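J.: sequence? don't have it. structure:
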């Protein structure tokens with residue numbers, strides 16, 4: 001793995017992974033049994049990097065599900081987490097269960113930014129709805145300044161799908177000449193390939 005990619009993976013972990021310490025060598029299967037989503041070596045132009053099975057040791061937290069990490073040709077990091085928190089999740093992005101979990105995810109992201117030493121956390125006051133292919137997600141883009149005074153961004157998407165939460169986060173950095181347009185183009189290719 002290149003030094004740059006390793007750095008981006010580290011940034012991605014800081015930006016929203018609530019179980020960073022548990023992300024040791026616990027890989028997940030390439031197909032998620034509950035949702036029937038597939039995570040092949042290449043998906044929508046992005047390349048598979050690693051997976052984390054939170055139900056397996058050392059995490060032993062089945063409700064947190066599994067995480068799959070991909071990188072794009074423009075070196076953006078896409079993380080997909082499929083989880084249920086121990087309950088059935090209603091389909092779609094506009095039900096109270098998904099809305100409440102989305103608010104929890106955004107609050108957690110803000111705390112992770114602060115814990116990681118980032119400053120000037122920014123997010124819109126109201127999330128929006130993003131639709132890729134036929135799937136609607138609750139979504140938001142947030143950012144903060146790193147120690148080098150460069151802005152780092154994340155866009156988070158969340159929906160209920162086949163009794164699970166499906167959270168997709170893409171990370172990019174201003175200092176690497178990556179833009180919101182790059183992130184959107186990556187999601188336009190990746191999400192429909194995943195959610196078919």
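T.: Alright, I've got the coordinates. None of these values were measured; they are calculated from a predicted model.
J.: would you mind measuring from the closest residue to residue 129 other than its chain neighbours to residue 73?
T.: Of all residues not flanking residue 129 in the chain, residue 136 sits nearest, at 5.5 Å (Cβ to Cβ, 6 or more residues apart in numbering). Just so you know, the C-beta spots here come from the backbone N, C-alpha and C atoms, and that holds for glycine as well. Distance of residue 136 to residue 73, computed by Cβ to Cβ, to the nearest Å: 27 Å.
J.: who has more neighbours, the two?
T.: Between residue 136 and residue 73, counting by other Cβ atoms under 10 Å, residue 136 is the more crowded of the two (15 against 10).
J.: doesn't that one fall inside a strand?
T.: Yes. Residue state for residue 136 (DSSP: H, G, I helix; E, B strand; the rest coil) corresponds to a strand.
J.: identify the residue nearest the geometric centre of this protein.
T.: residue 169 (2.6 Å; Cα atoms, centre = their mean).
J.: about what we covered before: the residue nearest to residue 129 pairs with what?
T.: Taking DSSP bridges as the rule, residue 136 bridges to residue 131.
J.: got a list of what it touches?
T.: Residues counted as contacts of residue 136 (Cβ atoms under 8 Å, 6 or more residues apart in numbering) are 92-94, 129-130, 159.
J.: most neighbours out of those residues, which is it?
T.: In the contacts of residue 136, the most neighbours by other Cβ under 10 Å go to residue 159, 26 neighbours.
J.: what about the particular helix or strand that has that residue in it, average pLDDT?
T.: In this assignment (DSSP states H and E), residue 159 forms part of strand 151-161. For strand 151-161, mean pLDDT is 96.
J.: give me the helices and strands touching the helix or strand following that strand, please.
T.: Sequence-wise, the next helix or strand downstream of strand 151-161 (DSSP H and E) is strand 164-173. When contacts are defined as 3 or more Cβ pairs under 8 Å, 6 or more residues apart in numbering; DSSP states H and E, strand 164-173 packs onto helix 3-16, strand 77-83, helix 96-115, strand 151-161, helix 180-194.
J.: save the ones you listed as a markdown table, and put in distance to residue 68 too.
T.: Output for these, formatted as a markdown table (distance: least, Cβ to Cβ, whole Å):
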| stretch | distance to residue 68 |
| --- | --- |
| helix 3-16 | 12 |
| strand 77-83 | 5 |
| helix 96-115 | 17 |
| strand 151-161 | 14 |
| helix 180-194 | 9 |
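J.: wait, which of those is closest to residue 122?
T.: The minimum distance between residue 122 and the helices and strands packed on strand 164-173 falls on strand 151-161, with 8.5 Å, by Cβ to Cβ.
J.: elements contacting that closest one?
T.: helix 3-16, helix 96-115, strand 135-145, strand 164-173, helix 180-194.
J.: so how far is the longest one from its chain's centroid?
T.: Helix 96-115 has its C-alpha centroid displaced from the chain centroid by 12 Å (Cα atoms, centre = their mean, to the nearest Å).
J.: strand 164-173 and the strand holding residue 159, what's the angle between them?
T.: 170 degrees (axes from the mean of the first three to the mean of the last three Cα atoms, to 10 degrees).
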